[in-house]
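Enquirer: predicted model and sequence below, questions to follow.
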Amino acid sequence: MSRPLHRGATGIRISGNSNDLWDSQMKDKTEKEDMDSNRSSDQSYLALKFPFRVLFPYNNSPSKYVNGESGFASDPFSVGSPRSRHKLTLLLLKLSLAVIVVLALTGSFWWTISISTLSRGQILHTYRRLQEQLVSDMWDIGELSLGSSRLQELEFCSQESEIYVPCFNVSENLALGYSDGSENDRHCGQSSRQSCMVLPPVNYRIPLHWPTGRDIIWVANVKLTAQEVLSSGSLTKRMMMLDEEQISFRSASPMFDGVEDYSHQIAEMIGLRNESNFLQAGVRTILDIGCGYGSFGAHLFSKQLITMCIANYEPSGSQVQLTLERGLPAMIGSFTSNQLPYPSLSFDMLHCARCGVDWDHKDGIFLIEADRVLKPGGYFVWTSPLTNARNKENQKRWNFVRDFAENLCWEMLSQQDETVLWKKTSKKSCYSSRKPGAGPSTCSKAHDVESPYYRPLQGCIAGTQSRRWIPIQEKTTWPSRSHLNKSELTVYGLHPADFREDAENWKTTLPNYWSVLSPIIFSDHPKRPGEEDPSPPYNMIRNVLDMNAHFGGFNSALLEAGKSVWVMNVVPTGGPNYLPLIVDRGLVGVLHDWCEPFPTYPRSYDLVHAEGLLSLQTRQQRWCTMLDLFTEIDRLLRPEGWVIMRDTAPLVESARRLTARLKWDARVIEIESNSDDRLLICQKPFFKRQGVSS
């Protein structure tokens, strides 16, 4: 990631009395030589202290000065007669030309030898290392040139930032002219970045370890009041108990028949015995739209299903924030004006239980987007009073949704009470067999973008051009689905040997991570009073963010090792896009530009992992700085959360120095004696708001 070039002050102050210099006359040759020597020394010092000022002089710096007495322009650094200055200039030009010629010949000779002795891969490898070392050196020089003020710790943000999510400022978006729902979308710019550290709310407490934390959370950690609980749906009220300190969820209790009966009903509507058979029907990943507080996904997690919650940004009482606090997958997202940041054909099931989306609005374009992210043969579950409408207006809306779903080639499998279940077609031929003009057309190849990012909603059926069009019933069931075979890898342009090597590397790397992390966790964090002896370290980590997921190998290795975690796999927009491969493995993830804030609330993750992200950002020469990136990581990380970064030694060392400004505890670990890579292990301290001015 490119570093900012920190320049010195615009005016360079030379020591000594400048008025005496301009107003007095130089009396003898000795004084002239002394002054010339002093100036030369000062210029050398300034060239070291302000290296970027030398390279990039300011246009408004005066090059000539006017003598107050004579009125003629003179150069304050000139010495001697015009003739001597002319000779000196010519001599310097000749010497410079000679040096340039020698350097050019030497460089050409060295390059010729290098080309003849090194392979192309070695040359690129060496060049990349030199580039990264240069970036690190320039960063250090810039830091030194600005003095100790540049190394100061960051300030804490104001109290309003406790749950603020950048890029979701509705009032600002309205002022910019966004309307008709688009004001609720994320709109990021350079002004969205924060250069401060977000403090947790007063009385914030470290979440309970999983699985206890799934069913009991601290009230002080989320902006949720008793009134908001009472005003929620009847199902939610029956599932929650609120006291002064805790919110308890009863979804896991065998005595509670709400979510368990509901998921059992959905399974029967598909034709299954119960929800335990979802995997056999090809269902592994579920998109829960407007998920409430995540209880549907919490119940299904025990069935090896992963349910991603998406909901609108909310200043308080947030569905996404509370779901994440329970240790369940969630992110801010909505059906408004842009496509969701998921590839086409991403999920096996879409679920909407009173989710607040008006599916009949805007000529059914929200249903078209739902169809885009649904895999062939996948299921769409909708629970709404509209499905049992009695008045004419609601009946009209229900009829529109039912007819539009049929034109999307969805087959209605069943309707029970307020719940309707459709199945998306497995055959592309269905679209061509429709009556002329019935429903939206399929997208052309140019408009069928597989992985959209900030792309407006499309009015055509997407995914039909993809080579990934494979019905979920024809895929191998989980967990075998995560191990793609040779023919499947061909779809993504990936050689089986590369995929196999990545998997083997992670099987080796993950135990190394944990062997390093475990002693640190247990030495720095002894058992708290009243707690049982902690289980293995994975119980202290539940929500994981992989900032540069590659093939999803880190996520897969965690699951194979039996770690009870979920991973948000992020594919940076500046690198190779293997997000379709990740979702086809039965994992969840999104595209994201790391120069922008991630669409989630502060304190979302227990562990942030990034392998090679700094190198990727450096090569892409992003417009943001490393400080911007680390400030965002600090926002996303829970107090006492962990950061694991693996990258080249120069970049890791630069990152380590930067962590001091964030007050993180950081350690650099050498991985192998013959490796250029280093491991950076960091922990974010728990800073409390008490005594800190907001």
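Expert: Structure received. Residues are numbered from 1 along each chain as shown.
Enquirer: so where do the helices sit in the stretch 401-550 of the chain?
Expert: 429-432, 486-491, 496-524 (DSSP state H, counting those that start in this stretch).
Enquirer: run the chain-centre distance for stretch 207-215.
Expert: The gap between the average C-alpha position of stretch 207-215 and the chain average comes to 25 Å, counting by C-alpha atoms, centre = their mean, to the nearest Å.
Enquirer: could you do stretch 155-166 as well?
Expert: Between the centre of stretch 155-166 and the centre of its chain there are 18 Å (C-alpha atoms, centre = their mean).
Enquirer: could you do stretch 470-486 as well?
Expert: 27 Å.
Enquirer: contact partners of stretch 266-285?
Expert: For stretch 266-285, contacts defined as C-beta atoms under 8 Å, 6 or more residues apart in numbering pick out 263-264, 299-300, 303-308, 346-349, 377-379, 381, 413-414, 416, 419, 421, 423, 471-475, 477-478, 481, 583, 586-588. Every residue, glycine included, has its C-beta placed from N, CA and C.
Enquirer: quote the end-to-end distance of that stretch.
Expert: The separation between the terminal residues of stretch 266-285, taken as C-alpha to C-alpha, to the nearest Å, is 15 Å.
Enquirer: quick one: buried residues of that stretch?
Expert: Under the neighbour-count criterion of 16 or more other C-beta atoms under 10 Å, stretch 266-285 has 266-267, 269-270, 272, 275-276, 278-279, 281-285 buried.
Enquirer: beta partners for the closest residue in space to V381 that isn't next to it in sequence?
Expert: Ranked by C-beta to C-beta, 6 or more residues apart in numbering and with sequence neighbours excluded, the top spatial neighbour of V381 is H351, at 4.7 Å. Counting by DSSP bridges, H351 forms beta bridges with D288, V381.
Enquirer: spit out the contact partners of H351.
Expert: Contact criterion C-beta under 8 Å, 6+ apart gives 286-289, 296, 307, 381 as the residues in contact with H351.
Enquirer: 7 Å - rerun?
Expert: 286, 288-289, 296, 381 (C-beta atoms under 7 Å, 6 or more residues apart in numbering).
Enquirer: could you do W642 as well?
Expert: Taking C-beta under 7 Å, 6+ apart as the definition, contacts of W642 comprise 517, 606-607, 682-683.
Enquirer: mind listing what's buried along stretch 499-509?
Expert: With burial defined by 16+ other C-beta under 10 Å, the residues of stretch 499-509 counted as buried are 499, 502-503, 506, 509.
Enquirer: how deep is G562 tucked in, by neighbour count?
Expert: By other C-beta atoms under 10 Å, 8 other residues sit near G562.
Enquirer: for N338, see how far away it is.
Expert: In this structure, G562 lies at 38 Å from N338, with C-beta to C-beta, to the nearest Å as the measure.
Enquirer: want to try TSV for the buried residues of stretch 499-509, with distance to I541 and pLDDT as columns?
Expert: TSV is the format used below for the buried residues of stretch 499-509 (distance: C-beta to C-beta, whole Å; pLDDT from 0 to 100):
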residue	distance to I541	pLDDT
F499	26	97
D502	22	97
A503	21	96
W506	16	96
T509	16	93
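Enquirer: closest to G575 among the residues you listed?
Expert: D502 (14.5 Å; C-beta to C-beta).
Enquirer: keep only those of the contacts of stretch 266-285 that are in strands.
Expert: Within these, residues falling in strands by DSSP state E are 306-308, 347-349, 377-379, 381, 413-414, 416, 419, 421, 423.
Enquirer: circling back: next one: the residue nearest to V381 from P201, what distance?
Expert: Counting by C-beta to C-beta, the gap from H351 to P201 is 31 Å.
Enquirer: now stretch 458-476, how far from the centre of its chain.
Expert: A distance of 26 Å separates the C-alpha centroid of stretch 458-476 from that of its chain, computed with C-alpha atoms, centre = their mean.
Enquirer: quick check: closest non-adjacent residue to F249.
Expert: Sequence neighbours aside, D215 is the residue nearest to F249 in space, at 4.7 Å (criterion: C-beta to C-beta, 6+ apart).
Enquirer: what's the answer for W218, then?
Expert: Closest residue in space to W218, ignoring its immediate chain neighbours: R205 at 4.6 Å, by C-beta to C-beta, 6+ apart.
Enquirer: count of residues packed around that neighbour?
Expert: Quick note: R205 (other C-beta under 10 Å) scores 16 neighbours.
Enquirer: for stretch 601-611, C-alpha coordinates in PDB please.
Expert: Taking only C-alpha atoms (Å, rounded to 0.1, in the frame of the first residue of the first chain), the coordinates of stretch 601-611 have been written out as PDB:
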ATOM      1  CA  TYR A 601     -20.900  -1.600  13.300                       C
ATOM      2  CA  PRO A 602     -17.900  -1.000  15.600                       C
ATOM      3  CA  ARG A 603     -16.700  -4.000  17.700                       C
ATOM      4  CA  SER A 604     -17.900  -6.600  15.300                       C
ATOM      5  CA  TYR A 605     -15.000  -9.100  15.300                       C
ATOM      6  CA  ASP A 606     -12.800 -11.000  17.700                       C
ATOM      7  CA  LEU A 607     -10.100 -11.800  15.300                       C
ATOM      8  CA  VAL A 608      -8.900  -9.900  12.100                       C
ATOM      9  CA  HIS A 609      -6.700 -11.900   9.800                       C
ATOM     10  CA  ALA A 610      -4.800 -10.500   6.700                       C
ATOM     11  CA  GLU A 611      -2.200 -12.400   4.700                       C
END
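Enquirer: which other residues reach that stretch?
Expert: Counting contacts by C-beta under 7 Å, 6+ apart, the residues outside stretch 601-611 that touch it are 162-163, 165, 198, 200, 318, 320-321, 324, 541-548, 554, 633, 635-638, 641-646.
Enquirer: and D677, what is it in contact with?
Expert: Contact analysis of D677 by C-beta under 7 Å, 6+ apart lists 646-648, 671.
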